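Q: the sequence isn't on hand, but the structure is:
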């Protein structure tokens, strides 16, 4: 059971997979819905402060290493730029919604990238991302196991 908990937690830290994959994995691996939900939410949030604080510095460093890395950084910056309009327009709620929608191209990693590219301070970005991750977890759990899974 420890292995399933650890994998659920770590899986939620991975970009793209995040809690969208971690919650279903955890339940299939034998965890209760509540345990999978909690581990996935916490795991999804662990890398976010580091991403918000260090993304710009890491991008600057990567740009100097090779043309390929520079292209990759430009693509990631473009992805953030494409998403930042909703955040600029609706502030807290825009970032929260960007994180809460459990679809590819959204989530905590994308929210952290957008926050970093907008030079948002950690204390301003984290509350919106935390609420967004919790909402995404509720949506994923409800879509996967039904509303009864949240109440039992």
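A: Sure, I can see it. Here the structure is a predicted model, which means the values were calculated and not measured.

Q: what about residue 69, neighbour count?
A: Close neighbours of residue 69, defined as other CB atoms under 10 Å, add up to 14. Just so you know, the C-beta spots here come from the backbone N, C-alpha and C atoms, and that holds for glycine as well.

Q: against residue 110, how distant is it?
A: As judged by CB to CB, to the nearest Å, residue 69 and residue 110 stand 20 Å apart.

Q: I'd assumed residue 30 was in contact with residue 7.
A: No. Using CB atoms under 8 Å, residue 7 is not in contact with residue 30; the gap is 11.1 Å.

Q: of the two, which one has the most company?
A: Counted by other CB under 10 Å, residue 7 and residue 30 do not tie: residue 7 has more neighbours, with 17 against 12.

Q: just the residues contacting whatever helix or strand residue 23 lives in, thanks.
A: Using DSSP states H and E, residue 23 maps to helix 18-28. With contacts defined as CB atoms under 8 Å, 6 or more residues apart in numbering, helix 18-28 is touched by 4-5, 7-9, 11-12, 14, 33, 35-37, 39-41, 43-44, 102, 107-109, 133, 136-137, 140-141, 144-145.

Q: apply 7 Å and report the result again.
A: Under the contact criterion CB atoms under 7 Å, 6 or more residues apart in numbering, helix 18-28 has outside partners 4, 7-8, 11-12, 33, 35-37, 39-41, 43-44, 102, 107-109, 133, 136-137, 140-141, 144-145.

Q: between the helix or strand hosting residue 38 and helix 18-28, how big is the angle?
A: Using DSSP H and E, residue 38 falls within helix 33-45. Here the directions of helix 33-45 and helix 18-28 differ by 150 degrees (axes from the mean of the first three to the mean of the last three CA atoms, to 10 degrees).

Q: next, the buried residues of helix 33-45.
A: Residues 33, 35, 36, 37, 38, 39, 40, 41, 43, 44, 45 are the ones in helix 33-45 that count as buried (16 or more other CB atoms under 10 Å).

Q: let me see the contact set for the spatially most central residue of the chain.
A: Computing the C-alpha centroid of the chain and ranking residues by CA atoms, centre = their mean puts residue 108 first, at 1.9 Å. Residues in contact with residue 108 (CB under 7 Å, 6+ apart) are 18, 44, 45, 48, 99, 129, 133.
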